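Novice: Give the three-dimensional model of this entry:
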Amino acid sequence: MHELATFLNSGMVSRPWLGVKPIELVDLAALERGMMTHPPEAWLGLAVLLSALSACAGDGSPDPDGADAAGVGVGANDAGTRDSTTRPSDDASAPATDAARSDATRSDAAQSDAANDDAQRPPAEVPAADASTAPSGPGSWSRGVAIPTARTELAVALLDGKVYVAGGYGGLTAFEAYDPTTDTWEPRKPLPMGREHPSLAALDGLVYLTGGNASDTYAYDPKLDAWSPRKPLLYARYAAAAVALNGALYLLGGTGPNAAVVQRYDPAADTWTARASLSMVRDHLAAVALHGKLYALGGRAGAGSVYDSIEIYDPAQDRFEPGPAMQEGRSGFGAAVVEGRLYVAGGEVLVPPFSVRDTVEVFDPATRLWSFKAKLPMPLHGTGAVGVGPRVYLFGGATMAASATVRAGGVNILTP
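Specialist: Residues are numbered from 1 along each chain as shown. Have a look, this model is predicted:
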């Protein structure tokens, strides 16, 4: 309890309307960054405490609509669903005008201040219902052999036909490889240090691990079953996304210093360089490479926000442009490319009503349309996804919003 009280009283500004000093509410990203050094029981206690405090706000009566229900502005469509099953390309879907980000284009410093003012308090446990009424679509889901180490907030990468799974809530060191052709797992050399919300990508026969509230970078050689250190990031990252493209590694989004800045790694020179910035801070985003460009998808800026927008990065021009928005806002979800199409699955919505998505969308770059596919067998967030052949593989995850309750390391396979 002393550890929890110390954290609550460190660096926090009083909230006049709450009438309590020095306790102050912090956004979920701040909570998550502390999880690696604070036991889960403490965080459960913190969530319960904040929930109780919120009920005492104002006149002392609970707000039936949820305190600060407006939060960091999101429209009804972002917490629920859009009216149609497809969405055409439209410049109006640019990140600067997305309904989910009225405050998200502020500077990092202003964003941090706004998070303290507007952050929505997550409850200790939230039912795993999806607030969306979106329809299901074509396709079917099957199950693979579960990950030996159950995990959520993990990272995955595909290299030479095998899927590598790293990290997870609690700072896991377990590192495992999955063979989709045989539906089997094998343990690999553990990570050099425990990571949660890390980033993983494969490039030139190696698997690169970085981020996870750290700047350290390591390369894994599957032939030697060994890790070796590489140049650290310019800026530490947490809940970012790593993507390999054209012989380089790109790290997009996440939280940390200069959070909107993209970092590019050159393996030949073993150097990181700063590249263009996203239009806003996006943590818990997903990213993929498609037709020579990088797609930064969804995400959020702490609790109280969720994005349906996407930004498309052109490495040759070193700039972003808006792309056609997804039909639903989502963060902490899986994304993968299969046969030239982009799939997104699951995700967390920390906007009232808090929920976890079971919906799946596919983007066709030829038509620039999004459409729904078969829903997941259950709502999931904190997952990782890869495309193998004609299928999408979704690994791990949790079923409860604002919680790391793990669904036993499930492997869910979509056949479109």
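Novice: Do you have the helices of this protein handy? List them.
Specialist: In the chain, the segments counted as helices under DSSP state H are 2-9, 28-34, 40-55, 76-79, 108-118.
Novice: what is the mean pLDDT for the last one?
Specialist: Which is helix 108-118. Average pLDDT, helix 108-118: 35.
Novice: what's the answer for the second one, then?
Specialist: Helix 28-34 carries an average pLDDT of 43.
Novice: residues in contact with the residue nearest to Gly299 when sequence neighbours are not counted?
Specialist: Of all residues not flanking Gly299 in the chain, Leu285 sits nearest, at 3.1 Å (CB to CB, 6 or more residues apart in numbering). Where C-beta positions appear, they are placed from N, C-alpha and C, glycine not excepted. The contact partners of Leu285, by CB atoms under 8 Å, 6 or more residues apart in numbering, come to Ala239, Ala240, Ala241, Leu252, Gly253, Gly254, Ala296, Leu297, Gly298, Gly299, Tyr307, Ser331.
Novice: and the gap between Leu285 and Thr415?
Specialist: According to CB to CB, to the nearest Å, Leu285 and Thr415 sit 26 Å apart.
Novice: Now do Leu206 against Tyr218, distance only.
Specialist: Distance of Leu206 to Tyr218, computed by CB to CB: 10 Å.
Novice: got it, and Ala134?
Specialist: 39 Å.
Novice: Ok, Ala242 next?
Specialist: Using CB to CB, Ala242 is found at 12 Å from Tyr218.
Novice: shared neighbours of these two, which are they?
Specialist: Common neighbours of Ala242 and Tyr218 (CB under 8 Å, 6+ apart) are Tyr208, Thr210.
Novice: between the two, who's got more neighbours?
Specialist: Neighbours per residue (other CB atoms under 10 Å) separate Ala242 from Tyr218, with Ala242 holding more: 26 against 19.
Novice: Give the burial count for the closest residue to Leu251 other than its chain neighbours, as a bare number.
Specialist: Once flanking residues are discounted, Leu251 sits nearest to Gln263: 4.5 Å by CB to CB, 6+ apart. Burial of Gln263 is recorded as 24 neighbouring residues (other CB under 10 Å).
Novice: give the contact list for Gln263.
Specialist: Leu233, Leu234, Tyr235, Arg237, Tyr250, Leu251, Trp272, Thr273, Ala274, Arg275.
Novice: Would you point out the most distant pair within those?
Specialist: Arg237 and Thr273 (14.8 Å; CB to CB).
Novice: quick one, which of these two is more surrounded?
Specialist: Arg237 (30 against 12).
Novice: tell me the contacts of that one?
Specialist: So Arg237 contacts 199, 210-213, 215, 251, 253-256, 259, 263 (CB under 8 Å, 6+ apart).
Novice: which of those residues has the weakest pLDDT?
Specialist: For the contacts of Arg237, the least confident position by pLDDT is Asn213, scoring 85.
Novice: What separation is there between that one and Leu191?
Specialist: 14 Å.
Novice: shaky segments in the stretch 301-416 of the chain?
Specialist: 406-408 (pLDDT under 70).
Novice: Spell out the residue ranges of the strands in the stretch 151-300 of the chain.
Specialist: Ranges of strands within the stretch 151-300 of the chain are 155-159, 162-166, 175-179, 184-188, 198-203, 206-211, 217-221, 226-230, 241-245, 248-252, 261-266, 271-277, 286-290, 293-297, based on DSSP state E, counting those that start in this stretch.
Novice: Quick one: closest of the ones you listed to Gly347.
Specialist: Per CB to CB, nearest to Gly347 of the strands of the stretch 151-300 of the chain: strand 286-290, 8.5 Å.
Novice: what residues does that closest one touch?
Specialist: Contacts of strand 286-290 (CB under 8 Å, 6+ apart): 241-245, 250, 252-253, 294-299, 333-337, 340, 342, 344, 365, 385.
Novice: mind listing what it pairs with, with the direction of each?
Specialist: Its sheet considered, strand 286-290 pairs with strand 293-297 (antiparallel) by DSSP bridges.
Novice: same question for the partner strand, mean pLDDT?
Specialist: In this model, strand 293-297 has a mean pLDDT of 98.
Novice: ok, back up a step: return the set of residues that bridge with the residue nearest to Leu251.
Specialist: Beta-bridge partners of Gln263, counted by DSSP bridges, are Leu251, Ala274.
Novice: Show me which residues of stretch 395-413 are buried.
Specialist: Across stretch 395-413, burial judged by 16 or more other CB atoms under 10 Å covers 395-404, 406-407, 409-413.
Novice: burial of Lys293, as a residue count?
Specialist: Lys293 - counted by other CB under 10 Å - has 18 other residues nearby.
Novice: Please tell me I have it right and it contacts Pro315.
Specialist: Yes: between Lys293 and Pro315 there is a contact under CB atoms under 8 Å: 7.5 Å.
Novice: still on that earlier bit, Provide a PyMOL selection command restricted to the buried entries of the contacts of Leu285.
Specialist: This is the PyMOL syntax for the buried subset of those, where burial follows 16+ other CB under 10 Å:
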select buried, resi 239+240+241+252+253+254+296+297+298+299+307+331
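Novice: which pair in the contacts of Leu285 spans the largest distance?
Specialist: Farthest-apart pair in the contacts of Leu285 is Ala240 and Tyr307; separation 14.8 Å (CB to CB).
Novice: Show me the contact partners of stretch 270-278.
Specialist: Stretch 270-278 is contacted by residues 95, 217, 230-234, 250, 252-253, 258, 260-266, 296, 311, 313, 315, 318-320 when judged by CB under 8 Å, 6+ apart.
Novice: Not counting residues beside it along the chain, what's closest to Val356?
Specialist: Nearest-residue entry for Val356: Pro379, 3.7 Å, with adjacent residues in sequence omitted and distances by CB to CB, 6+ apart.
Novice: Tell me which residues touch the nearest residue to Leu249 once chain neighbours are set aside, please.
Specialist: Distances taken as CB to CB, 6+ apart put Tyr265 closest to Leu249, at 4.0 Å, once the chain neighbours are dropped. Going by CB under 8 Å, 6+ apart, Tyr265 touches Tyr208, Thr217, Arg230, Lys231, Ala248, Leu249, Tyr250, Leu251, Thr271, Trp272.
Novice: what bridges to the second one?
Specialist: Spelled out, that is Thr217. On the basis of DSSP bridges, Thr217 is bridged to Thr210, Arg230.
Novice: quick one, what contacts it?
Specialist: Contacts for Thr217 (CB under 8 Å, 6+ apart) come out as Tyr208, Leu209, Thr210, Pro229, Arg230, Lys231, Pro232, Leu233, Tyr265, Trp272.
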